[in-house]
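Asker: Requesting a structural model of the entry that follows:
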Amino acid sequence: MTLTIRTKNLELTPSLKEYTEKRFAKLDRFSKNIIHTELLLEEQRGIYTGEFIVKVKGRTLKARSSNKDPMALVDELRDIMANNLKSYEEKLRH
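Answerer: Residues are numbered from 1 along each chain as shown. Modelled structure (predicted):
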């Protein structure tokens, strides 16, 4: 699984990049059908917004959130996407 990170009005520091890659690396345990992942991060007036897009077989799953802390934002996006992937896998089973 490859993770593409894009930013707007935000410097992607090595620590944030490493943290993000570490947090999203384990997503493939929720689904073996992941084709591509992309993270979009943006900062405006001290608020960080993010969108996490995961392409799986036949669908595109998205998670959006905002937070004052970029690391907390990454955690929120990961949790939302984990739930989305669980729901996707449930629908595939039935």
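Asker: Other residues contacting the top helix by length along the chain?
Answerer: Determined from DSSP state H, the single longest helix within the chain is helix 70-93. Outside helix 70-93, the residues that touch it by Cβ atoms under 8 Å, 6 or more residues apart in numbering are 10, 16, 19-20, 23-24, 27, 30-31, 33-34, 39, 41, 43, 48-52, 54, 56, 59, 61-67. Using the backbone N, CA and C atoms, a C-beta is placed for each residue, glycine as well.
Asker: how about 7 Å then?
Answerer: 16, 19-20, 23-24, 27, 30-31, 41, 48, 50, 52, 54, 56, 59, 61, 63, 65-67 (Cβ atoms under 7 Å, 6 or more residues apart in numbering).
Asker: Among the residues you listed, which ones are in helices?
Answerer: Within the contacts of helix 70-93, residues falling in helices by DSSP H are 16, 19, 20, 23, 24.
Asker: Name only those of these that count as buried.
Answerer: Buried members of those, scored by 16 or more other Cβ atoms under 10 Å, are 16, 20, 23, 24.
Asker: ok so, going back, next, the buried residues of the longest helix of the chain.
Answerer: 70, 73-78, 80-82, 84-85, 88.
Asker: Number of residues surrounding the residue nearest to residue 7 when sequence neighbours are not counted?
Answerer: Nearest non-adjacent residue to residue 7, counting by Cβ to Cβ, 6 or more residues apart in numbering: residue 41, 4.8 Å away. A count of nearby residues for residue 41, using other Cβ atoms under 10 Å, gives 22.
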